[in-house]
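> Turn this into a model:
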Amino acid sequence: MLIFKNNIYEINNSSNPENEVQQKLDPYDFILRSLTTDREIFHGLQQLPQQESQDHLKTLFPHASRFGSVSLMNTFSRLLLEGLVNRNQWHSMNAYHMTYLFDSLHGTYEEYSYLEPRERKEMFPELKGDIIDFDHFLENYFFGTAFLMNAERYNNMSPEEKKRLKLTDPCLFGVVNRLIPDDEETRFKINPETPYSSK
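I've put the predicted structure just below:
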C-alpha cells in the first residue's frame, strides 16, 4: 500500500457540498488506472528504437524523464503499481516516486479532459462526465509538489528555509537537479506501522 497525505484505501462516505464531484472520484481507482495504462505504454515504448522511445518518454513524462531513461521509468511504473496493489505492507514514497506519479496522473487527467462526455463516463463513471479538479486531488493526496520546483530557486534556498518549507525529502535535491537515482532511491521504504490514525 502506498502512503499518501490521506488514505486512498479507505472508502470515504462523507459528503462535502463544496466539492461534491471530487468526493466521487475514487483516488485508488484514479491511480490504478494511470499506473495500469503506463504498463501498456512501456510495453509499446520498448518496441521502438531507443531515441524514438526516449522522445516519446519526454512527452509522456515531462518531469520524470529529466532524471531517467525508458528503462528506469519502466521500473518506477512497475514498482508503483506493485506497491499500490500490495495490501501486506505500507510503502513510503520519495520525491522520485512522486514525480513519476505526478506525470502519470496528469497524463490520465489530460486524457480524460479531452474526451467527449460519453467517453468520460466510461472512463470514470462515478464522475458522470464532470471535470476532474486535479489541483484538488493533489492538495488532498500529495504531501506537496516541491519536486516541480526550479533547480536554481531550490539551490539558492538556505537550509533553514528548506526546513521551514518542509523541503526535507532527501531525494528532492536529486529530482530538482535531474540526478539519476541510485538503487536505494529507486526502492520504497517499508513502513511497519499504519500511517493513518483510526478515527
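> After the one helix or strand in the chain whose mean pLDDT sits lowest, which helix or strand is next?
When each helix and strand of the chain is scored by mean pLDDT, DSSP states H and E, helix 20-24 comes last, with a mean of 58. Next in sequence after helix 20-24, counting helices and strands by DSSP states H and E, comes helix 27-45.
> Show me which parts of that following helix are buried, residue by residue.
By neighbour count on 16 or more other Cβ atoms under 10 Å, the buried set for helix 27-45 is 27, 28, 30, 31, 33, 34, 35, 38, 41, 42, 45. The C-beta positions use only the backbone N, C-alpha and C, and glycine is treated the same way.
> same thing with stretch 161-172?
167, 169, 171, 172.
> which two of the residues you listed lie the greatest distance from each other?
Of all pairs drawn from these, the greatest distance, 11.2 Å, lies between 167 and 171 (Cβ to Cβ).
> give me phi/psi at the closest residue in space to residue 84 that isn't next to it in sequence?
With Cβ to Cβ, 6 or more residues apart in numbering as the criterion, residue 84 has its nearest non-adjacent residue at 5.4 Å, and that residue is residue 2. Residue 2 has phi and psi values of phi -90, psi 140 when expressed as degrees, to the nearest 10.
> Am I right that residue 9 sits in a helix?
No. Read with DSSP: H, G, I helix; E, B strand; the rest coil, residue 9 is coil and lies in no helix.
> ok, now which ones touch it?
Going by Cβ atoms under 8 Å, 6 or more residues apart in numbering, residue 9 touches 1, 28, 87.
> Mind doing that once more with 7 Å?
If a contact means Cβ atoms under 7 Å, 6 or more residues apart in numbering, then residue 9 has 1, 28 as its contacts.
> Show the pLDDT at the most centrally placed residue in the chain.
The chain has residue 101 as the residue nearest its centroid, 2.0 Å off, counting by Cα atoms, centre = their mean. You'll see residue 101 listed with a pLDDT of 98.
> now swap in the one 10 residues further on and tell me
According to the per-residue confidence, residue 111 scores 95 in pLDDT.
> SS state for it?
Under three-state DSSP, the three-state class of residue 111 is helix.
> Would you reformat the buried residues of helix 27-45 as TSV and include distance to residue 182?
Formatted as TSV, the entries for the buried residues of helix 27-45 read as follows, by distance: Cβ to Cβ, whole Å:
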residue	distance to residue 182
27	30
28	30
30	30
31	25
33	30
34	26
35	23
38	22
41	25
42	21
45	23
